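K.L.:
Okay, structure incoming, though there's no sequence with it:
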C-alpha cells in the first residue's frame, strides 16, 4: 500500500538473540516464535510488507575449536520457510551452510514462504571463521517486492564483511559499502556476531594485562548475571558493582547500546553517507560465549543526503525485538 507521501512502507523486526551452546535448538525456536507472537498485531497487519531479521549463526554458538565440531542443520531452511509463511514475512537469518560434503560456509539466507530469494556466503572471514568456513566469492544484490508497483534493491553482508579484508586491506577501501554504493542498494541487511570492546579480540596476547583484565571482567559478569551465559534465565536489570577491574565500575553498560560499536558501524558505510534514502540494518547476538561479550546494539541507520538517523537501537545485552518502520 503506497503512503500519501508516495513512499512505500516496510515493517522490519530485528530479533537480537543470545544463542550459544547452553541452549538447544528447540528452545531457540520456541523463543523466536514467542517473541514474534507477542507482535502478532503488527505481523497480522496486511497494509505493508514485513521483514524478520535474525543474527549471524542465529541457531548456533559462534566459536568452534575445530572443523570436526561443526554441523549443518538441514532443517533450518524448512524452519525459516515456516516462519515466513506463519508471519507472512520475508525472513533473513544467518546459518551454517554445507556444500559438497563437509564444505561449510558462514551464510545468510533471504526466504519468502517456499522461495529462497538469495544466499550470501561470508566473504571476509574473521579469524574464528577460518577454523571451519570456506570463503565466499562475492557480494550480491537481490530484489524485495514491497507491493505491486514497488521493489527495492537489497544486499546481505555478514559481520566482518564490513571490515577491510583480513584487516590487511586499507581502512578506506570500504569494500562492502562501496559495493552497496555502486549497485544503488536501498537496504543493506547485516546479521552479525559483533564483539564488544570487553572481549579478548583477534591478535591480542591472551596473557597480556589487557586480556587478563577482560577475562576477569567476563568471569565476574557471568557470575553476577547468569542470564548472559544461559538465556533460559530471566534478565536481572539490577545495577551491580564490578570489583577489582579497571574497565567498568558496574554492569550498567549492559543495559545501554554500545556507542563505540554504533559509531564504527556507521563509519564503515562512509561511501553511502551522501546517498538518498538508504537503510542499513544490523542484527547482532547478545550474551557471553567464552572470552567474548557480544555487542548487541542491533540497530538501523538511515542515510539521506549527508544526514544520518538512527531509526532504533537495542541495548548491549537484551534479548528482544526492535520494531522499525522504513519507507522507500
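P.N.:
Yep, it's here. Note that this is a predicted model, so its numbers are computed, not measured.

K.L.:
all helices of the stretch 201-328 of the chain, in order?
P.N.:
209-224, 259-267 (DSSP state H, counting those that start in this stretch).

K.L.:
and these, which one is worst for confidence?
P.N.:
In terms of mean pLDDT, the lowest-scoring of the helices of the stretch 201-328 of the chain is helix 209-224 (a mean of 92).

K.L.:
Now do the buried residues in that one.
P.N.:
For helix 209-224, the neighbour count (16 or more other C-beta atoms under 10 Å) marks 211, 213-218, 220-222, 224 as buried. All C-beta spots, glycine's among them, are computed from the backbone N, C-alpha and C.

K.L.:
Please identify which of the residues you listed is nearest to residue 325.
P.N.:
Comparing those against residue 325 with C-beta to C-beta places residue 221 closest, at 34.1 Å.

K.L.:
So that closest one sits against residue 251, correct?
P.N.:
Yes: using C-beta atoms under 8 Å, residue 221 and residue 251 qualify as a contacting pair, with a distance of 6.3 Å.

K.L.:
Any figure for the gap between the closest residue to residue 139 other than its chain neighbours and residue 120?
P.N.:
Distances taken as C-beta to C-beta, 6 or more residues apart in numbering put residue 179 closest to residue 139, at 4.5 Å, once the chain neighbours are dropped. Remark: distance between residue 179 and residue 120 (C-beta to C-beta, to the nearest Å) = 11 Å.

K.L.:
Give me the common contacts of the two.
P.N.:
Common contact partners of residue 179 and residue 120 (C-beta atoms under 8 Å, 6 or more residues apart in numbering): 139, 155.

K.L.:
Between those two, which is the more surrounded one?
P.N.:
For residue 179 versus residue 120, neighbours defined as other C-beta atoms under 10 Å are more numerous around residue 120 (27 against 20).

K.L.:
Show me what that one is bridged to.
P.N.:
residue 108 (DSSP bridges).

K.L.:
Who are the contact partners of it?
P.N.:
Per C-beta under 8 Å, 6+ apart, neighbours of residue 120: 107-109, 136, 139-140, 155-158.

K.L.:
ok, 10 Å please
P.N.:
Going by C-beta atoms under 10 Å, 6 or more residues apart in numbering, residue 120 touches 92, 94, 97, 105-110, 136, 138-140, 142, 155-158, 161, 189-191.

K.L.:
Number of residues surrounding residue 208?
P.N.:
11.

K.L.:
thought it was touching residue 200?
P.N.:
Yes: judged on C-beta atoms under 10 Å, residue 208 makes contact with residue 200 at a distance of 9.1 Å.
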